[in-house]
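[1] Need a 3D model of the following:
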Amino acid sequence: MSLVVFSDLDGTLLDHHNYSHAAARPALDALKRRGVPLVLCSSKTRAELIPLHRELGLEAPFISENGGGIFAREGGSLCRGEEWLEAGAGWRVLEIGLPIQEVRRRFATFKNRFDAKGFGDLSDAQVAKLTGLPPEQAALARQREFNEPVLLPDDSWGEAFVTAATEAGLQVTRGGRFWHLLGGGDKGKAVRLLTILLAKHDSEISTMALGDAPNDLAMLQAVERPVLVARPDGTHAPLDLPGLIKQPQAGPAGFNQAVLDALAELD
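    Modelled structure (predicted):
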């Protein structure tokens, strides 16, 4: 049986405060030695994910913007179907969510009720200040294709915001810092679809996913071994599902231990 690992980034593989993955290095090296695919599954954009994908030396596809699209390297057997579109720079994309222009058009019909602002309303400098990202990385985070991160002045408005988004035909998920508006794609749908595609080449695959926030629930529900790593304060997001493993360590240290535990069990 071969393993496929899906992982959220911010607060999971990447440290919540400094975005480092150093504490996960032993697990990352172990995955590479064994040829286990690591699929990044994040709210981050394609523009953010490609440099990290390269830095980590990954070959597997990745899932961008909370399941808005699946990107795979051009020329691989996985992305030969006509549903895969040319994405440039040696990549192809399987689009799942609505394009960002349509998401923002629908968002504009109700955002003033909540004084809500999306990334499309903010400058690179404002996003950098809100996220702690360097300005050049904040610029990459604003290159949205499917999913709009939204800042609400008061999170107590969340329930009403979700209702308004639903009436506009959008879905809402909650990340570590922002509310996210999606049009038809989510992490769970993307993970299930990619698992089906991978299983065409290996029918004996086993799936594992790691996350830390409510917007990871759909992803965790889509795999056989769901892992919820702790938040920086040691608590866990209020998620519950059958078989959920609650890793007591936070961020990349939690990722590291959970992945090493899974590989040890396989051995």
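
[2] Spell out, range by range, the strands that occur in the chain.
    With DSSP state E as the criterion, the chain has strands at 2-7, 38-40, 62-64, 69-73, 85-88, 91-95, 117-118, 148-151, 171-174, 179-182, 205-211, 225-230, 245-250.

[3] Just say which of the ones you listed is most tucked in.
    Ranked by mean neighbour count, the strands of the chain are led by strand 62-64 with a mean of 28 (mean count of other C-beta atoms under 10 Å). Yep, even glycine has a C-beta here, placed from its N, CA and C like the rest.

[4] I'd like to know which elements it is packed against.
    If contacts are counted by 3 or more C-beta pairs under 8 Å, 6 or more residues apart in numbering; DSSP states H and E, strand 62-64 sits against strand 38-40, helix 46-55, strand 69-73, helix 187-199.

[5] and the ones you listed as CSV, adding mean pLDDT?
    Converted to CSV, those look like this (pLDDT from 0 to 100):
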stretch, mean pLDDT
strand 38-40, 98
helix 46-55, 96
strand 69-73, 96
helix 187-199, 95
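
[6] could you dump these to TSV with distance to Asp8?
    Formatted as TSV, the helices and strands packed on strand 62-64 follow (distance: least, C-beta to C-beta, whole Å):
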stretch	distance to Asp8
strand 38-40	8
helix 46-55	12
strand 69-73	15
helix 187-199	8
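
[7] about what we covered before: out of the strands of the chain, which gets nearest to Glu159?
    Smallest distance to Glu159 across these (C-beta to C-beta): 10.1 Å, for strand 171-174.

[8] shaky segments in the stretch 101-250 of the chain?
    Residues of the stretch 101-250 of the chain that meet the criterion pLDDT under 70 lie in 176.

[9] Report the contact partners of the spatially most central residue of the chain.
    For the chain, the residue nearest the mean C-alpha position is Ser42 (1.5 Å; C-alpha atoms, centre = their mean). Neighbour list for Ser42: 8-10, 48-49, 62-66 [criterion: C-beta atoms under 8 Å, 6 or more residues apart in numbering].
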